[in-house]
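*Asks:* Make a model of this:
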Amino acid sequence: MKGRLFANSRILHRLGRMTDGLYDAASKSAVGRGLTAYDSETRDAERSLIAVKAGKKLSKINFRRSKLFMAESIENSRVVGFVNAVMSRMASSYVRQYGFFTFAFGFYGALMYILTNFVFKSTTPIPMSYAVVEAALLLVSVPMMAVRKTAASVLCRSRLANSVLFELFGIRRESVAEYGRGTKRFRFPFLAGTAAGVLTLLFPPLRMMGVALVILCGYAVLVIPESGLVLTVLALPFVSTAELGRLIIYVAVCYFIKIIRGKRVLSLDLNDWAVLLFGAVLILGGIFSFDPKASFSYSVKMFFYLISYVLTVNLIRSRKWLGRMKSAFIVSCVITAIGGLVQSLGRVSHNFLSEGINIEKNITSFFDSERSLAYFLIFGFFFILGEFVNNPKKIRKIFLLLLGAAVLSCIWIARFDVATMALLIAIFIFFMIISSRTLIVLLSGLIVVPALHFLPTGLPAMWRQLTEGVSQYVSSHSALLSASGSMAKDFFWSGGGLGCYRTLFQQYANESVSFAVDSSSIYLQTVIEVGIFGLLLFISAIVLFTQHSFSLFAKYGGKRTTDTAAGFAGVVAVMLAGAFDYVWADEKIFLAFWLITGVAAAAGNITVFEERERPRFELR
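*Replies:* Here you go, the predicted structure:
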């Protein structure tokens, strides 16, 4: 009855016609045509004189022989053969052999702990944490020694392995089963465990197990480079920027090896070239700098973070891998949000016992600052929102609603109002993209404006607190923005060097601002560090990404482009906040920004490919 009432409503019908007319007029306007001109711009770029001449010169170069030689060298490499043999033995070995290894590891590690601390009473005793780990290894080894199946067969039947290895990291079950058919196994697991236990005198047992896990993950990335991107997103909040840089470099090397062997392809779109040109400017900003030593290493690191965009666009080419990247973003985002909520609850309880309820503002979870926490949670939140919109099952919708509520709560508790305001605007843009009925809701909401007086007092107070926080932040940084504007004028053409803002600012310090780490604006700091051409290239890359996204929205729309809309909304939130805050002060957010941009672009490419291939499958 209610459905018919709303369906037959003349007001809603006229509002629907009006919004459809507005959307149609916007698509036919000069701005609308410009936003959806990506395909024509790509064709013009392909037909340009530079592209034609470059294509002719490259076609004359014969890469086939060198590529074949390198592929054969990799295939016949002794290192690759040794690694494959070791992995085959690991998969075909019995679980009881791993039990013997674990028992010996724990037993002799505990023995070293007792001898060192109580018998010889060394001046450098082994920490108690070592003994706890070794006791856990002894307990785990007992049921393992009773299993007479191979490791491969156990992994193939395990639900945990199915969720982590096969579903999340994309390892094929058939590959694990094939490795498990080997006849060679490890012969001396007890001796190997004994050696590992003795080595606890030099190395912590957790570090030794961590190294073994890193080696296994490295092999998985070597076989499946896409899993390296998933691992990067999962590890992003929890590891250092140096480790993330090494991981991206390793993924790029593994991807290059796959290209040489003919198992992956490299294709660059117009937007990809713009991103690479911006990366080249970053490298130049590290070479031509007031402090070349510090700038060059920083620029190389930022360049490889930016390369993650190209890796994502080229490696994520199917819905399964797109889903895994989204799941990785959601998992790392939710864990980070839970960490922030636990941190805030701990401080509330501490303050309640000592001073009364007083929540401190510096809730950072696994990040170094509250603003980095807020921006990362924004990226993950839009993928949660996209899954909520697309998923038809009510139970999953409720689960996603709870996850989204946890993330939003953590963003609010972090109390970085600029990011929160940018998030609200981006949410509105997201719904405007996926449904024209969003405008109907907005216009209908104007009718109930008088009823806002009867809302709970908490909601208007929260909105007032948010707007006041934004205005206070902008006004408190006005002197810094003014000084940064003066710097941008002086370094307008050449730039002062990537990562040199703090050094350069010393010349512009005054009574209002005596010290500054960044300029409080992405755009000003880009001009200061790499010049106006660097800023233009960055804006060009974002404009092309926007055109690519809106071309998809105009052609397909609806739920098929929800993933692109989610990534686009995250990018929009960062670009809006970047006007008043240097979002990339944390290198992790710079990496996350280009990863989510790559995921959004990859989702669009997958949609285009599916639409092109659909007629073939329908004909069959």
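*Asks:* Give me the contact list for stretch 105-122.
*Replies:* In this structure, residues lying in contact with stretch 105-122 by C-beta atoms under 8 Å, 6 or more residues apart in numbering are 125-126, 130-131, 133-138, 141, 193-194, 196-198, 200-201, 205. Every C-beta, even on glycine, is put in place using the N, C-alpha and C of the backbone.
*Asks:* what about 10 Å?
*Replies:* With contacts defined as C-beta atoms under 10 Å, 6 or more residues apart in numbering, stretch 105-122 is touched by 124-128, 130-131, 133-141, 189-190, 192-202, 205, 208-209.
*Asks:* Residue 239: how many residues sit nearby?
*Replies:* 15 (other C-beta atoms under 10 Å).
*Asks:* my guess is it meets residue 332, correct?
*Replies:* No. Using C-beta atoms under 10 Å, residue 239 is not in contact with residue 332, being 11.0 Å away.
*Asks:* intersection of neighbour lists for those two?
*Replies:* Common neighbours of residue 239 and residue 332 (C-beta under 10 Å, 6+ apart) are 232, 366.
*Asks:* all helices for the stretch 251-400 of the chain, in order.
*Replies:* Secondary structure of the stretch 251-400 of the chain by DSSP state H, counting those that start in this stretch: the helices cover 270-287, 292-315, 319-354, 370-390, 394-414.
*Asks:* Also the stretch 101-250 of the chain?
*Replies:* Shown for the stretch 101-250 of the chain, the helices assigned by DSSP H, counting those that start in this stretch span residues 128-144, 151-157, 159-161, 173-179, 189-198, 205-223, 225-235, 241-260.
*Asks:* Which one of those helices lies nearest to residue 337?
*Replies:* helix 225-235 (14.7 Å; C-beta to C-beta).
*Asks:* ok so, going back, ranking the helices of the stretch 251-400 of the chain by mean neighbour count, which comes first?
*Replies:* Stretch with highest mean neighbour count among the helices of the stretch 251-400 of the chain: helix 370-390 (a mean of 25; mean count of other C-beta atoms under 10 Å).
*Asks:* relative to helix 319-354, how tilted is that helix?
*Replies:* In terms of direction (axes from the mean of the first three to the mean of the last three C-alpha atoms, to 10 degrees), helix 370-390 departs from helix 319-354 by 130 degrees.
*Asks:* Show me the shaky parts of this structure.
*Replies:* Applying pLDDT under 70 to the chain flags the ranges 1-32, 46, 48-76, 179-187, 347-362, 436-460, 511, 514, 558, 613-620.
*Asks:* any idea how far residue 406 lies from residue 301?
*Replies:* From residue 406 across to residue 301, the span is 32 Å (C-beta to C-beta, to the nearest Å).
*Asks:* My error: substitute residue 464 in the last question.
*Replies:* From residue 464 to residue 301 the distance is 41 Å (C-beta to C-beta).
*Asks:* From the contacts of stretch 105-122, list just the buried residues.
*Replies:* For these, a burial check counting by 16 or more other C-beta atoms under 10 Å picks out 126, 130-131, 133-134, 137-138, 141, 189, 192-194, 196-197, 199-200, 205, 208.
*Asks:* returning to what we had before: of all the helices of the stretch 101-250 of the chain, which one is nearest residue 305?
*Replies:* Among the helices of the stretch 101-250 of the chain, helix 241-260 comes nearest to residue 305, with 6.6 Å by C-beta to C-beta.
*Asks:* Check which helices and strands that closest one sits against.
*Replies:* helix 64-75, helix 205-223, helix 225-235, helix 292-315, helix 587-619 (3 or more C-beta pairs under 10 Å, 6 or more residues apart in numbering; DSSP states H and E).
*Asks:* can you pull the buried residues of the third one?
*Replies:* Translated: helix 225-235. Neighbour counts over helix 225-235 (16+ other C-beta under 10 Å) mark 225, 226, 227, 228, 229, 230, 231, 232, 233, 234, 235 as buried.
*Asks:* residues contacting the fourth one?
*Replies:* If I follow you right, that is residue 228. So residue 228 contacts 169, 217-218, 220-222, 247-248, 250-255, 308, 311, 315 (C-beta under 10 Å, 6+ apart).
*Asks:* Give the ChimeraX command for selecting the buried subset of those residues.
*Replies:* Buried subset of the contacts of residue 228, written as a ChimeraX selection, criterion 16+ other C-beta under 10 Å:
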select :169,217,218,220,221,222,247,248,250,251,252,254,255,308,311,315
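*Asks:* Nearest to residue 385, out of the buried residues of helix 225-235: which one, please.
*Replies:* Closest to residue 385 out of those is residue 233 (17.3 Å), distances taken as C-beta to C-beta.
*Asks:* The closest one contacts residue 321, correct?
*Replies:* No. Between residue 233 and residue 321 there is no contact, the gap being 12.0 Å when judged by C-beta under 10 Å.
*Asks:* Could you name every residue contacting both of these two?
*Replies:* 312, 599.
*Asks:* Just give the closest residue to residue 104, not the sequence neighbours.
*Replies:* Excluding the flanking residues, the one nearest residue 104 by C-beta to C-beta, 6 or more residues apart in numbering is residue 193, at 2.8 Å.
*Asks:* That neighbour contacts residue 134, correct?
*Replies:* No. The pair residue 193 / residue 134 is not scored as a contact, 11.2 Å apart, by C-beta under 10 Å.
*Asks:* ok now stretch 286-305, how far from the chain's centre?
*Replies:* 23 Å (C-alpha atoms, centre = their mean, to the nearest Å).
*Asks:* That should have said stretch 538-552, apologies.
*Replies:* Centroid separation between stretch 538-552 and its chain, computed with C-alpha atoms, centre = their mean, is 19 Å.
*Asks:* now do stretch 314-329
*Replies:* On C-alpha atoms, centre = their mean, the centre of stretch 314-329 falls 11 Å from that of its chain.
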